[in-house]
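Engineer: got a predicted model here, sequence first, then my questions.
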Amino acid sequence: MTTVLVIDDSPSEMAKFRDILTKNNFQILEANNGEKGCLMAAEHLPDVVLMDVVMPEMNGFQATRKITRGKTTAHIPVVIVSTKNQETDRVWGKRQGAREYLVKPVDENELVRIIRTVTE
């Protein structure tokens with residue numbers, strides 16, 4: 001079973017991810033901030049990380065960079081899922097190491113397809 005770590009500070013967004021991922025037979029881990037998410041990524045080594053950008057303290061770009069450049073976590077694909085929809089955000093996210101960049105509200109089928117693609 002594919003394990004997905006969701007890093008998002010919004011309880012309503014987390015509930016949406018939980019619903020989509022559970023329904024599609026993914027195991028889900030949850031972190032409500034970037035720092036906690038980085039620690040969980042190193043501890044659990046999930047198959048993929050879904051990363052919000054706008055979070056207090058450590059934002060999603062910083063957390064993506066930390067995970068994708070970490071010794072034990074560099075192999076984990078990070079997919080940014082954010083409300084930030086400017087091309088500059090997309091480019092910056094990819095430069096931090098994100099494999100994909102999706103804009104909220106995310107389409108369930110696209111999300112599942114992207115998760116399966118990056119974990120193959």
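Structural biologist: Good, I have the coordinates. Numbers count the residues shown, from 1 in each chain.

Engineer: the residue sitting nearest the centre point of the chain is in what secondary structure piece?
Structural biologist: Taking CA atoms, centre = their mean, the centroid of the chain lies closest to residue 50, which sits 1.5 Å from it. Assigned by DSSP states H and E, residue 50 belongs to strand 48-51.

Engineer: do residue 101 as well
Structural biologist: Applying DSSP H and E, one finds residue 101 within strand 100-103.

Engineer: report how many residues lie close to the nearest residue to the residue nearest to the centre of the chain once chain neighbours are set aside.
Structural biologist: Leaving out its chain neighbours, the residue that sits closest to residue 50 by CB to CB, 6 or more residues apart in numbering is residue 6, at 4.8 Å. The C-beta positions use only the backbone N, C-alpha and C, and glycine is treated the same way. Residues lying near residue 6 (other CB atoms under 10 Å) number 26.

Engineer: one step back: could you export the strand holding residue 50 as CSV, CA atoms only?
Structural biologist: Only the C-alpha atoms of strand 48-51 are listed here, as CSV (Å, rounded to 0.1, in the frame of the first residue of the first chain):
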residue,chain,number,x,y,z
VAL,A,48,5.2,10.5,-1.5
VAL,A,49,4.6,13.8,0.2
LEU,A,50,1.7,16.2,-0.6
MET,A,51,2.9,19.7,0.4
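
Engineer: contacts for the next helix or strand after that strand?
Structural biologist: Note on strand 48-51: by DSSP H and E, the next helix or strand toward the C-terminus is helix 60-68. By CB atoms under 8 Å, 6 or more residues apart in numbering, the residues outside helix 60-68 that reach it are 7, 34-35, 37-38, 41, 49, 51-55, 58, 73-74, 76, 78, 80, 82, 92-93, 96-98.

Engineer: average pLDDT across helix 60-68?
Structural biologist: Model confidence over helix 60-68, given as mean pLDDT, is 98.

Engineer: same for the helix or strand harbouring the residue nearest to residue 50, what does it pack against?
Structural biologist: Element membership for residue 6, per DSSP H and E: strand 3-7. Applying 3 or more CB pairs under 8 Å, 6 or more residues apart in numbering; DSSP states H and E, we find strand 3-7 packed against helix 11-23, strand 27-31, helix 34-44, strand 48-51.

Engineer: kind regards, and thank you for your time.
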